[in-house]
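Undergrad: Sharing a sequence plus its predicted fold:
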Amino acid sequence: MPFDFSIKKEKQNARLLEKILLEKDAVVSKALKYAKKLMEQHYQFPTTETIERRIREWRGMNIDKIDKFLQKCCVIDKECKGELMEDLYFAYEQFCNIQKEKTKAKTEFKKYLEQRGLIHCKIRRKTTENPRSAFQGIKLTGKYKEELILNSRLKIIHCSQSFDFSNFLQNSV
């Protein structure tokens, strides 16, 4: 990570090490406090968008489409319960279709979410179903969440002939 701020030679403290050693007990106490906090966060360091962008650039992962989707269609906050991976990816596909952009593969999408610091887990929505892949700390918003709900209703309709979705949408709204 590049360090953006430097101290001019004439303003540098030549006795900085001595100063830090005098405060070593406080330094160790703070280090332990933040080590505990890091463990509570499942060893995920807090980050900023600037840091994330630089890490992606460094790794050669310039994935603007997924970033754009996350910014426009999701709330990322550790307080969010999370979303199923299949719901997130479906919303991402819808977003790319509207934007007339090609989607990234599901594995690349999942890997990117993990690199953004989202916690991958398995959840059950109902006690009778098998665990499903999900991410904690994210929530879909707006029309993409609504479209997911509509899509889950459409999955119930099972027909072998072609179906006029525009007619269905007008009648259901």
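TA: Right, received. Where do you want to start? Here the structure is a predicted model, which is why all the values come from computation and not from measurement. Numbering: from 1, shown residues only.
Undergrad: list the contacts for Arg132?
TA: Residues counted as contacts of Arg132 (CB atoms under 8 Å, 6 or more residues apart in numbering) are 84-86, 122-125. Bear in mind the C-beta positions are built from the backbone N, C-alpha and C, glycine included.
Undergrad: same thing but 6 Å
TA: When contacts are counted by CB atoms under 6 Å, 6 or more residues apart in numbering, Arg132 touches Leu84.
Undergrad: Lys139 versus that one, what's the distance?
TA: 17 Å (CB to CB, to the nearest Å).
Undergrad: what do you get for Phe95?
TA: Phe95 is 15 Å from Lys139, by CB to CB.
Undergrad: And Asn13, by the same measure?
TA: Distance from Asn13 to Lys139, by CB to CB: 46 Å.
Undergrad: more neighbours, those two?
TA: Lys139 (17 against 10; other CB atoms under 10 Å).
Undergrad: where does that one fall, helix, sheet strand or coil?
TA: Classification of Lys139 using DSSP: H, G, I helix; E, B strand; the rest coil returns strand.
Undergrad: So for it, what's the nearest residue that isn't a sequence neighbour?
TA: The shortest distance from Lys139 to any non-neighbouring residue, by CB to CB, 6 or more residues apart in numbering, is to Cys80 (4.2 Å).
Undergrad: A strand includes that neighbour, no?
TA: No. Per three-state DSSP, Cys80 lies outside any strand segment and is coil.
Undergrad: what's around it, how many residues?
TA: Neighbours around Cys80, by other CB under 10 Å: 16.
Undergrad: Can you report how many residues lie near Phe69?
TA: Other residues close to Phe69 by other CB under 10 Å number 24.
Undergrad: so which strand or helix has it?
TA: In this structure, Phe69 sits in helix 64-73 according to DSSP states H and E.
Undergrad: ok so, going back, need the contact list for the residue nearest to Lys139.
TA: 137-139.
Undergrad: One more pass at 8 Å, please.
TA: Per CB under 8 Å, 6+ apart, neighbours of Cys80: 136-139.
Undergrad: Now restrict those to buried residues only.
TA: Neighbour-count burial (16 or more other CB atoms under 10 Å) applied to the contacts of Cys80 gives 136-139.
Undergrad: Where does pLDDT dip in this protein?
TA: Low-confidence segments of the chain, defined by pLDDT under 70: 1-3, 56-63, 144, 147-173.
Undergrad: for it, what's the longest helix?
TA: Assignment by DSSP state H gives helix 24-40 as the longest helix of the chain.
Undergrad: Any chance you could list what contacts that helix?
TA: By CB under 8 Å, 6+ apart, helix 24-40 touches 20, 44-45.
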